[in-house]
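[1] Turn this into a structure:
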Amino acid sequence: MPVLLALIGFIIVVALFFIGIYNRLVNLRNGVKNAFSQIDVQLTRRYDLIPNLVEAVKGYMKHERETLDAVITARNAAVAGLKVAGANPSDPEAIRQLAGAEAALQGSLGKMFALAEAYPDLKANQNMMQFQEELSSTENKVAFARQAFNDAVMTYNNGRENFPNNILAGMFNFNPAEHLEIEAPEKREVPKVSFT
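    Presented below is the predicted three-dimensional model:
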């Protein structure tokens, strides 16, 4: 009888141990989802600013229609990518697609701002300055939210890869999450240095 009670007690302790691991993995995965929702809020704010910015620019840059269309197309692709990634923030492919769409959007916005430099009236326009300031502020908030998301992803991935968590993670499909890295195209360019 004491052996049976000891065996039952051991089984209960092991079951509670694995339940604790499972619950920790669920909490970590939910932390990733929560951190992504903060990115979602900031990116949605930025996506909402872009059409207004394009409208403010449109009157001045009539000959730059192709650039303005590229900004709107890139914005729409980023919005679609955000929806897909928001449905499952721990899906690595969705996060990679969002990162690619964001990089394309940043590139087209950069091109638009570079072209805007050629229009002195546009640079001095109060609406344009206000939109640029709001966009810059939002970019900072996106960067902070992205860092919090990447921290949550690292904590989740570490939690699911540690032993014995990795056993339950594999059994219950706790797949690895992907960091959100949005590289600006200009950061990849090699700076040119001349000593002449």
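
[2] And the helices in this structure, which stretches?
    For the chain, helices defined by DSSP state H occupy the ranges 2-58, 65-87, 92-116, 120-124, 126-161, 165-171, 185-188.

[3] now these in a markdown table, with distance to residue 177?
    Using the backbone N, CA and C atoms, a C-beta is placed for each residue, glycine as well. Conversion of those to a markdown table gives the following (distance: least, CB to CB, whole Å):
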| stretch | distance to residue 177 |
| --- | --- |
| helix 2-58 | 5 |
| helix 65-87 | 11 |
| helix 92-116 | 7 |
| helix 120-124 | 42 |
| helix 126-161 | 4 |
| helix 165-171 | 11 |
| helix 185-188 | 23 |
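
[4] Report the contact partners of the residue positioned nearest the centre of the chain.
    Against the mean C-alpha coordinate of the chain, by CA atoms, centre = their mean, the closest residue is residue 180 at 4.7 Å. By CB atoms under 8 Å, 6 or more residues apart in numbering, the contact list for residue 180 reads 36, 39, 95, 98, 99, 146, 149, 150, 153.

[5] same thing but 6 Å
    With contact set as CB atoms under 6 Å, 6 or more residues apart in numbering, residue 180 has these partners: 95, 99, 146, 149.

[6] Single out the most deeply packed of the helices of the chain.
    Highest mean neighbour count among the helices of the chain (mean count of other CB atoms under 10 Å): helix 92-116, with a mean of 19.

[7] hmm, back to that, report pLDDT for the residue nearest to the centre of the chain.
    If you check residue 180, the pLDDT there is 88.

[8] of the contacts of residue 180, closest to residue 77?
    Residue 77 lies nearest to residue 99 out of the contacts of residue 180, by CB to CB, at 12.0 Å.

[9] what separates that closest one from residue 109, distance-wise?
    16 Å (CB to CB, to the nearest Å).

[10] which stretches of the protein have low pLDDT?
    In the predicted model of the chain, residues 183-196 satisfy pLDDT under 70.

[11] how about 80 then?
    56, 58-64, 118-128, 182-196 (pLDDT under 80).

[12] before we move on, the earlier item: just the contacts of residue 180 now: which is nearest residue 79?
    Of the contacts of residue 180, the one sitting nearest to residue 79 (CB to CB) turns out to be residue 99, at 14.4 Å.
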